[in-house]
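Colleague: sequence and predicted structure below; questions after.
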Amino acid sequence: MQRGDPDEWCDNMEIRAKLGEYQFNLNMERFDANVEVFRELAIFEAKYPEKESGHIMFFIREMKRKPTIAEIQTYPKKKILKFIRRKTQDPSYKKFIEKEEKRVKLLLCDNCGKEEDGMRQFSVCPRCKEVPYCGRACQKEAWRNHKKVCGKSKR
């Protein structure tokens, strides 16, 4: 395959969308919907081994060898579903979800209580990097009380 192959480029774009769909389904606990997405991701990895991201490893561990695309397509749904459910119970996955939820959560101004209209509109205290403010005026007004506790939660 030559560099810049249009088929590979299209497959890459499709797989990026599938990875997003897979993550969304996990977050929504739509495990049944993820079985076919998981299969498609594994087929992509079988087709382009240099793009391996772990989905094909499930089949390799289960079959003790690298499977063919036909074997991936006919692999029992129940076994894939069991793996997907078990993966969501992994502490590292739960930590990842908590981090993502924190990252996309809208902030409330610590001084006036105003909520952001969109992500990353408020700034945080430059010292502790934890407490959000809607503007410089609120940060300045809250500093007298905040400086007593600033940075202590990390220590």
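Modeller: Structure received.
Colleague: so what touches stretch 93-101?
Modeller: 27, 87-88 (Cβ atoms under 8 Å, 6 or more residues apart in numbering). In short, each C-beta sits where N, CA and C put it, glycine included.
Colleague: which residue, other than its chain neighbours, is closest to I60?
Modeller: The shortest distance from I60 to any non-neighbouring residue, by Cβ to Cβ, 6 or more residues apart in numbering, is to K66 (5.7 Å).
Colleague: number of nearby residues for that neighbour?
Modeller: 13 (other Cβ atoms under 10 Å).
Colleague: and the pLDDT for it?
Modeller: Per-residue pLDDT puts K66 at 86.
Colleague: contacts only, for it.
Modeller: By Cβ under 8 Å, 6+ apart, the neighbours of K66 are 46, 56, 59-60.
Colleague: for it, helix, strand, or coil?
Modeller: Put simply, K66 is coil when judged by DSSP: H, G, I helix; E, B strand; the rest coil.
Colleague: for it, phi and psi?
Modeller: Dihedral pair for K66: phi -80, psi 130, per degrees, to the nearest 10.
Colleague: could you do the one 10 residues further on as well?
Modeller: Summarising the backbone geometry of P76 under the convention degrees, to the nearest 10, its torsions are phi -60, psi 130.
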